[in-house]
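Student: sequence first, predicted coordinates after that:
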Amino acid sequence: MNRRILILLLPLALFLGGSVFLYKGLFSDPTRLESVLINQPIPEFELQDLHQLDKQHSREIFTGRPMLLNVWATWCPTCYAEHEYLNELKATEGLYIVGMNYKDERDKALNWLDNLGNPYAIDLYDPKGMLGLDLGVYGAPETFLIDSRGVIRYRHVGDVNATVWNNTLKPIFEQME
């Protein structure tokens, strides 16, 4: 008799457990992906400059001042929407932004910047997504706030727009200065 009760209760227990798990997911913020790299230095890397094939960049470019690292690609429609605002941030706030072209074609990326403007002080080219992998990038766009010592202080998944900048990123960025 006990075995029959167990066989009947097992599906109910599995259903209730799954329901609780899914219910908790309803209240999570999909733009907030925790990163084990928060408060850690940018990983070691060596990437080509998007414009100059013979120029290599390493993690030393992330020291000396607080900055944004913006991961973008031409295949990303949200990146297109974000790009105009990044140009505006550079012009109005004087932000130092490093762009990382992610899993993209160099010619398309160069045309994009020529046509839409270039908000980036440095343009990294990560065609295979290796630095993106080290940073835990899921896709584009993603933006990292990096302090003057090259330490990642915050990760934002999704586009940077006026609301995100003013309510989330700017207060953190100002604390880093």
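Tutor: Yep, that arrived.

Student: switch to C-alpha atoms for all contacts and neighbour counts from now on
Tutor: Fine.

Student: any low-confidence regions in the protein?
Tutor: 1, 6, 8-10, 13, 17-35 (pLDDT under 70).

Student: which residues touch the closest residue to Val151 other than its chain neighbours?
Tutor: Spatial nearest neighbour of Val151, excluding adjacent residues (C-alpha to C-alpha, 6 or more residues apart in numbering): Pro41 at 4.0 Å. Pro41 makes contacts with 149-152, as judged by C-alpha atoms under 8 Å, 6 or more residues apart in numbering.

Student: again, only using 7 Å
Tutor: For Pro41, the contact set (C-alpha atoms under 7 Å, 6 or more residues apart in numbering) comprises 150-152.

Student: how near is the most centrally placed residue in the chain to Phe15?
Tutor: The geometric centre of the chain, computed from its C-alpha atoms, lies nearest to Glu142 (C-alpha atoms, centre = their mean), at 2.1 Å. Counting by C-alpha to C-alpha, to the nearest Å, the gap between Glu142 and Phe15 amounts to 35 Å.

Student: again, but for Lys103
Tutor: Separation of Lys103 from Phe15 (C-alpha to C-alpha): 40 Å.

Student: likewise for Asn39?
Tutor: The gap separating Asn39 from Phe15 is 39 Å, by C-alpha to C-alpha.

Student: same thing with Gly136?
Tutor: Using C-alpha to C-alpha, Gly136 is found at 32 Å from Phe15.

Student: ok, Pro77 next?
Tutor: Separation of Pro77 from Phe15 (C-alpha to C-alpha): 38 Å.

Student: got the contact list for Leu16?
Tutor: Listed by C-alpha under 7 Å, 6+ apart, Leu16 has no contact partners.

Student: now do it against Gly94, distance only.
Tutor: Going from Leu16 to Gly94 by C-alpha to C-alpha gives 52 Å.

Student: how about residues contacting stretch 97-113?
Tutor: Stretch 97-113 has contacts (C-alpha under 7 Å, 6+ apart) with 50, 67-74, 119-129.
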